[in-house]
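**Student:** everything below, folded, please.
(2 chains)
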Protein chains: 2
Amino acid sequence: MLDCAEGVQMALRKSRISFSHLQAVFLTHLHGDHVFGLIGMLSTFGLLGRIQELHIYGPKDLERVFQPQIDFFCADSPFKIILHEINAKKQEAIYEDRSVMVTSLPLSHRVPCCGYLFQEKPTARHIRRDMIDYYHIPTSQINNIKAGLDWTLEDGTVIANERLTTPPDPVRSYAYCTDTTYLPSLAEALHGVTCLYHEATFAQEHALLAKKTFHSTAKQAAQIARDAQVGKLILGHFSSRYKDESVLLKEAKEVFPNAVLAEDRLRIIL
Amino acid sequence: MLDCAEGVQMALRKSRISFSHLQAVFLTHLHGDHVFGLIGMLSTFGLLGRIQELHIYGPKDLERVFQPQIDFFCADSPFKIILHEINAKKQEAIYEDRSVMVTSLPLSHRVPCCGYLFQEKPTARHIRRDMIDYYHIPTSQINNIKAGLDWTLEDGTVIANERLTTPPDPVRSYAYCTDTTYLPSLAEALHGVTCLYHEATFAQEHALLAKKTFHSTAKQAAQIARDAQVGKLILGHFSSRYKDESVLLKEAKEVFPNAVLAEDRLRIIL
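**Tutor:** Predicted coordinates for the structure are as follows:
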């Protein structure tokens, strides 16, 4: 879960996402609109009898602000809540599990703030059934072949792995960058990302206001997406002044066509 | 405002209650389902530019729990947030303004907890226009007559106020009692209250569970209402085990007929 605003429990329910699927929460920064749903969600998880531990990542002050609340409101919690304070100024791997690696991305906001890059780990190559049958390769060896090993016939002939398999699915990646002033240097860390969420609080006509409030314009978000050659751009975190956010989308698409506006319960297949 | 659960901002908007009408918040106790909306609401009020100070009342630990959050998340608040920690074990007047007096009502829950009694202040008597005209009483004296003074004619005859006025509207009162185990002694403090909100977490078949968890049954809530001779009873704080809460209403009505179930955006004219 990326950020945890008030109302997150309702959002999870409406999205029909099982609470128990959640393993970690990554907070970009400690402003209320990004964190006010956390304590209520932790409390509900406790009431529901969760036992699996939950890891919460966030910048400086995470412990100072949340540990007392957790101690007070979740004193009887049946599951462990583990806070991980990270250095928002460093780009570094902060989380890893069987299938994904998460890296912090330093952003520039009024308070310590970082984005997060999720990179899927490489998956196995795909077996070519026809070739496996042709060379009578035993089932016990399939995992080795998937992992990239060649096959040696009884006469010593080596069959290159490329003949036995097709390439694995390309690894997918997702980056979440909010809240931040326009940071052109970010494009390097985001190079080739499958899908990028980037804040677009303002339209370009308010570029000065964006700079002053440490936010970005839709055009700037699109410039990052273009420079990083990402696959797709999701714009979000719109100022409430825009009754019709299509002005933001239009502006972004002029620079990076494959852009969409974030909306409640938007699902994107990577 | 009585208690301040997560989602309170949405509830206020849906009820079309202006945020600026809110002058004070009274928290019964510091369990999450009664307070998790507070910090987000305060934060929003600040963003909306509120300048009028807001008073927050609640039992022990109010300051310890909320002052650090307010200091961190509402550091730039344009309005003053004043926390008043009250002694939940004492029945005492804790708030007073031009039109209402608020008294704390000690309750019995797992943590320090109190209810609140709102008593309207007596309003002025109603002028009898016909008598005012008949005795040629000048406009400048009307407020005195409304306040109860008699009128003396030039010949010294005293006209009793009761001839010049009709009684004021009866004062109205509202009491809010949640969360609490069944407290028969509460009926005395609640005597004659116009409308009583009393928790009814369980049906009578779970009376033991109610006692163990420091909650009440619908029947017990009705017993309080009957013993206190209140005008109307609102049942609330239902356990989620009751898909159909009419069982609770039925049980209460057998003891106290003028009972209703609380529901979102219920409005009651006193």
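**Student:** could you find the closest non-adjacent residue to A:Ala262?
**Tutor:** Using C-beta to C-beta, 6 or more residues apart in numbering or on different chains and skipping the chain neighbours, the partner closest in space to A:Ala262 is A:Gly236 (3.5 Å). Heads up, the C-betas are built off the backbone N, CA and C, glycines and all.
**Student:** what pLDDT does the one you found get?
**Tutor:** What the model reports for A:Gly236 is a pLDDT of 97.
**Student:** domains of chain A?
**Tutor:** Using automatic domain parsing, the domain parsing of chain A gives A:1-86, A:91-123+A:169-270, A:126-166.
**Student:** Throw the ones you listed into TSV and include mean neighbour count, thanks.
**Tutor:** Shown next, in TSV, are these (neighbours: other C-beta atoms under 10 Å in any protein chain shown):
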stretch	mean neighbour count
domain A:1-86	17
domain A:91-123+A:169-270	18
domain A:126-166	12
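**Student:** now distance to B:Ala222 too, for these, in CSV please.
**Tutor:** Putting the domains of chain A into CSV (distance: least, C-beta to C-beta, whole Å) gives the following:
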stretch, distance to B:Ala222
domain A:1-86, 27
domain A:91-123+A:169-270, 41
domain A:126-166, 68
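**Student:** about what we covered before: any idea how far the residue nearest to A:Ala262 is from chain B?
**Tutor:** Distance of A:Gly236 to chain B, given as C-beta to the nearest C-beta, to the nearest Å: 18 Å.
**Student:** what of A:Tyr57?
**Tutor:** Computed as C-beta to the nearest C-beta, the A:Tyr57 to chain B distance reads 18 Å.
**Student:** point me to the helix or strand that includes that residue.
**Tutor:** Element membership of A:Tyr57, judged by DSSP states H and E, is strand A:54-59.
**Student:** what's the next secondary structure element after that strand?
**Tutor:** Downstream of strand A:54-59 (by DSSP H and E), the next one is helix A:62-73.
**Student:** now do that next one against strand A:54-59: the angle between them, please.
**Tutor:** Following axes from the mean of the first three to the mean of the last three C-alpha atoms, to 10 degrees, one obtains 140 degrees for the angle between helix A:62-73 and strand A:54-59.
**Student:** let's verify the residue lying farthest from the centre of chain A: helix, strand, or coil?
**Tutor:** Relative to the centre of chain A, the most outlying C-alpha is that of A:Asp155, 49.2 Å out, by C-alpha atoms, centre = their mean. With DSSP: H, G, I helix; E, B strand; the rest coil as the basis, A:Asp155 sits in coil.
**Student:** who's in contact with it?
**Tutor:** By C-beta atoms under 8 Å, 6 or more residues apart in numbering or on different chains, the contact set of A:Asp155 is empty.
**Student:** isn't A:Tyr242 right up against A:Ala203?
**Tutor:** Yes: counting by C-beta atoms under 8 Å, A:Ala203 is a contact partner of A:Tyr242 at 7.2 Å.
**Student:** okay, and the common contacts of those two?
**Tutor:** The contact sets of A:Tyr242 and A:Ala203 overlap at A:Leu248 (C-beta under 8 Å, 6+ apart).
**Student:** so how far is A:Phe72 from the closest residue to A:Leu54 other than its chain neighbours?
**Tutor:** Sequence neighbours aside, A:Ile81 is the residue nearest to A:Leu54 in space, at 5.5 Å (criterion: C-beta to C-beta, 6+ apart). Distance of A:Ile81 to A:Phe72, computed by C-beta to C-beta, to the nearest Å: 13 Å.
**Student:** then A:Ile94?
**Tutor:** Per C-beta to C-beta, A:Ile94 is found 27 Å from A:Phe72.
**Student:** repeat for A:Arg125
**Tutor:** From A:Arg125 across to A:Phe72, the span is 52 Å (C-beta to C-beta).
**Student:** with A:Ile159 instead?
**Tutor:** Going from A:Ile159 to A:Phe72 by C-beta to C-beta gives 64 Å.
**Student:** lowest-pLDDT helix or strand in chain A?
**Tutor:** Every helix and strand in chain A was compared by mean pLDDT, DSSP states H and E; the lowest is helix A:8-14, with a mean of 92.
**Student:** A:Tyr176 touches A:Tyr197, doesn't it?
**Tutor:** Yes: if you go by C-beta under 8 Å, A:Tyr176 and A:Tyr197 touch, sitting 4.7 Å apart.
**Student:** now stretch A:182-195: mean pLDDT?
**Tutor:** Stretch A:182-195 carries an average pLDDT of 97.
**Student:** just the CA coordinates for the helix or strand hosting A:Ala225, please, in PDB.
**Tutor:** With elements taken from DSSP H and E, the one containing A:Ala225 is helix A:218-227. In PDB, the C-alpha atoms belonging to helix A:218-227 read as follows (Å, rounded to 0.1, in the frame of the first residue of the first chain):
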ATOM      1  CA  ALA A 218       0.800  18.100 -15.300                       C
ATOM      2  CA  LYS A 219       3.300  19.200 -18.000                       C
ATOM      3  CA  GLN A 220       6.200  18.600 -15.700                       C
ATOM      4  CA  ALA A 221       4.900  15.200 -14.800                       C
ATOM      5  CA  ALA A 222       4.700  14.400 -18.500                       C
ATOM      6  CA  GLN A 223       8.200  15.700 -19.100                       C
ATOM      7  CA  ILE A 224       9.500  13.200 -16.500                       C
ATOM      8  CA  ALA A 225       7.600  10.400 -18.100                       C
ATOM      9  CA  ARG A 226       8.900  11.300 -21.600                       C
ATOM     10  CA  ASP A 227      12.500  11.700 -20.400                       C
END
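**Student:** packing partners of it?
**Tutor:** Counting contacts by 3 or more C-beta pairs under 8 Å, 6 or more residues apart in numbering or on different chains; DSSP states H and E, helix A:218-227 is packed against helix A:186-189, strand A:195-199, helix A:207-212, strand A:232-236, helix A:246-253, strand A:259-261.
**Student:** so who does the closest residue to chain B within the stretch 51-200 of chain A touch?
**Tutor:** Distances between the stretch 51-200 of chain A and chain B by C-beta to the nearest C-beta are smallest at A:Phe73, namely 5.0 Å. Counting by C-beta under 8 Å, 6+ apart, A:Phe73 makes contact with A:Ile39, A:Leu42, A:Ser43, B:Leu30, B:His31, B:Gly32.
**Student:** now, those residues that are in strands?
**Tutor:** Among the contacts of A:Phe73, no member falls in strands (DSSP state E).
**Student:** of these, which belong to helices?
**Tutor:** If you go by DSSP state H, these have A:Ile39, A:Leu42, A:Ser43, B:Gly32 in helices.
**Student:** now, which of those residues sits nearest A:Phe66?
**Tutor:** Set against A:Phe66, the nearest of these by C-beta to C-beta is A:Ile39 (7.3 Å).
**Student:** I'd guessed the closest one sits against A:Ile70; true?
**Tutor:** Yes: here A:Ile39 reaches A:Ile70: they are 7.3 Å apart, a contact under C-beta under 8 Å.
**Student:** A:Ala218 versus the nearest residue to A:Ser239 once chain neighbours are set aside, what's the distance?
**Tutor:** Excluding its sequence neighbours, the residue lying closest to A:Ser239 (C-beta to C-beta, 6+ apart) is A:Thr201, at 5.1 Å. Counting by C-beta to C-beta, the gap from A:Thr201 to A:Ala218 is 9 Å.
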